[in-house]
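**Student:** I would like the atomic coordinates for the input below:
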Amino acid sequence: MEALSARLVVIPSCARRQQLAGSRPGFHVNHTCAKRHRQQPSSLTSSPRPSAATGAASVQHQSGSQPGPASGAEREVRPGVFEGYWQWKGYRIRYQRCGTEGPPVLCIHGFGANADHWRKNLPVLGQQCRAYAVDLLGYGYSDKPRSPQPNAVYNFPNWAVQLQDFIVEKVGEPAFITCNSVGGLAGLQTALDAPQLVRGVQIMNISLRNLHIKKQPAWQRPLLAAFQRTLRDGPLGRWFFQSLATPQSVGNVLRQCYHDPAAVTDELVDCILKPGLLPGAVDVFLDFISYVGGPLPEELLEAVTVPVSMVWGEEDPWEKIEWGRELAKYHSVEEFVSLPRVGHCPQDEAPHLVNPLILGFIERHSSNSGGGGSTSSSSSSSEGGNSNGTGNGNGNGML
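**Tutor:** Okay, here's the model as predicted:
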């Protein structure tokens, strides 16, 4: 384990390298500074809160959460970890928290996952922080309302509104956000829309959205749209979901994206599968896999003004590390951390590596009061790490 820790490759911004080299023993710091990549002003602007016609307030109510404590009540689900439900726009949102002192950090899961994917992180983070994990609307044990039209509810601007309101109403002060996979886009969108509420964003193997409409050749776009309509609206999609919603299938998917098969335990499979069997889960699944619009990670990284830390499991078969390193050029990115022998979900597969990275990012910026602001970081170099991912993934993982 110590040998694995020593192989971490950290490529921070020029301005922070001497500081990090002195304060983080065991990390290899590349001192070759890349010339700062100057960006043109972004055409991406902050998304307004959803209107009553298209936002979460307009959806038909369809509860998919399991019976649990009334909103406001909490129960201890693991030593020092408390779980509760928060009312948001008429829907129950599940959250977990740990710790009573220190700067707040909000953990965001990926597609098909939930707050339990951070069960190995909250107890450690809670020793120094007020740590939270929340189920995005539609996922985990949060309610699963039916969308009145495709992608009107389950999209990054709506989830960003959810996270903003959670920070205001439950956290009570600007927070750090750490997120995995598609949760990274929700976190970055939150920072873009409300930088005064976000002190920094840490993204782990962020979804590159390789099926986004902008990334498809013009001649393929109608074919992709037709295929997605078939999945979303016809029996094929429901059959596909049912074939995935079994312990064996969930385990197989997890073993594909985790480098260490031993990390795919019965407990992990249960954490992912159980909420996926609740009423409404199939509709959320089919709606999101047809979501080919919205922001791309490169657009958000170009536009955000808060500091961003990038963490990447080198053995991710879905989001290859060489693709991830391309995102390190944006001015908001202050470091790119490569994790050897780790797959798509570093926070769960390698918490012994990830928890110190989360705490280190928070510590570096916790002296800054209030919300996020402009970062002076220069673009990160991608030198010094192993960029050879494994598998033949296309960046369309579930988590």
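
**Student:** Helix, strand or coil: sort out residue 311 for me.
**Tutor:** strand (DSSP: H, G, I helix; E, B strand; the rest coil).

**Student:** hang on, I meant residue 96
**Tutor:** Under three-state DSSP, residue 96 comes out as strand.

**Student:** tally of neighbours for it?
**Tutor:** 25 (other C-beta atoms under 10 Å). In this view, the C-beta of every residue, glycine as well, is placed from N, C-alpha and C.

**Student:** pretty sure it contacts residue 76?
**Tutor:** No - the pair residue 96 / residue 76 is not scored as a contact, 10.3 Å apart, by C-beta atoms under 8 Å.

**Student:** any common contacting residues for the two?
**Tutor:** 82-83 (C-beta atoms under 8 Å, 6 or more residues apart in numbering).

**Student:** What's opposite residue 313 in the beta bridge?
**Tutor:** Beta-bridge partners for residue 313, by DSSP bridges, are residue 339.

**Student:** show me what contacts it?
**Tutor:** 204-205, 259, 321, 339, 342-346, 349-350.

**Student:** ok, of those, which one's closest to residue 229?
**Tutor:** residue 344 (27.7 Å; C-beta to C-beta).

**Student:** Could you measure from residue 100 over to residue 168?
**Tutor:** 19 Å (C-beta to C-beta, to the nearest Å).

**Student:** just checking, which of the contacts of residue 313 belong to strands?
**Tutor:** 204, 339 (DSSP state E).

**Student:** Which one's more surrounded, residue 100 and residue 168?
**Tutor:** A direct count of neighbours by other C-beta under 10 Å for residue 100 and residue 168 places residue 168 higher, at 13 against 9.

**Student:** part of a strand, is the more buried one?
**Tutor:** No - read with three-state DSSP, residue 168 is helix and lies in no strand.

**Student:** Identify the residues contacting the nearest residue to it once chain neighbours are set aside.
**Tutor:** Residue nearest to residue 168 in three dimensions, not counting chain neighbours: residue 197, with 6.9 Å by C-beta to C-beta, 6 or more residues apart in numbering. Neighbour list for residue 197: 164, 167-168, 174-175, 190, 371 [criterion: C-beta under 8 Å, 6+ apart].

**Student:** By neighbour count, which of the residues you listed wins?
**Tutor:** residue 190 (31 neighbours).

**Student:** For the chain, just list every one of the strands.
**Tutor:** 9-12, 28-29, 74-78, 81-88, 91-98, 104-108, 130-134, 175-180, 198-204, 308-313, 333-339.

**Student:** just checking, what packs against the fifth one?
**Tutor:** In other words, strand 91-98. strand 81-88, helix 122-125, strand 130-134, helix 156-166 (3 or more C-beta pairs under 8 Å, 6 or more residues apart in numbering; DSSP states H and E).

**Student:** For residue 293, report the pLDDT, please.
**Tutor:** pLDDT, residue 293: 88.

**Student:** same question, residue 57
**Tutor:** 34.

**Student:** got any ranges where the stretch 1-150 of the chain has weak pLDDT?
**Tutor:** Applying pLDDT under 70 to the stretch 1-150 of the chain flags the ranges 1-72.

**Student:** which stretches of the stretch 251-399 of the chain aren't confidently modelled?
**Tutor:** 368-399.

**Student:** and with 80 instead?
**Tutor:** The stretch 251-399 of the chain contains residues with pLDDT under 80 at 367-399.

**Student:** so where do the helices sit in it?
**Tutor:** For the stretch 251-399 of the chain, applying DSSP state H, counting those that start in this stretch gives helices covering 266-276, 281-288, 297-303, 321-325, 346-349, 351-365.

**Student:** Mind listing residues that contact stretch 127-134?
**Tutor:** Stretch 127-134 has contacts (C-beta under 8 Å, 6+ apart) with 86, 93-109, 115-118, 121-122, 125, 142, 162-163, 166, 170-171, 175, 359, 362.

**Student:** Buried members of those residues into ChimeraX, please.
**Tutor:** Listed next is the ChimeraX selection for buried residues among the contacts of stretch 127-134, using 16 or more other C-beta atoms under 10 Å:
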select :86,93,94,95,96,97,98,99,102,103,104,105,106,107,108,109,115,116,117,118,121,122,125,142,162,163,166,170,171,175,359,362
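
**Student:** thinking again about what came up before, any idea which of the contacts of residue 197 is closest to residue 222?
**Tutor:** For the contacts of residue 197, the nearest to residue 222 is residue 190 (32.9 Å; C-beta to C-beta).

**Student:** list the contacts for the closest one?
**Tutor:** 159-160, 163-164, 167, 177, 197-198, 201.

**Student:** can I assume residue 314 is in contact with residue 339?
**Tutor:** Yes - contact between residue 314 and residue 339 holds when scored by C-beta under 8 Å: they sit 6.1 Å apart.
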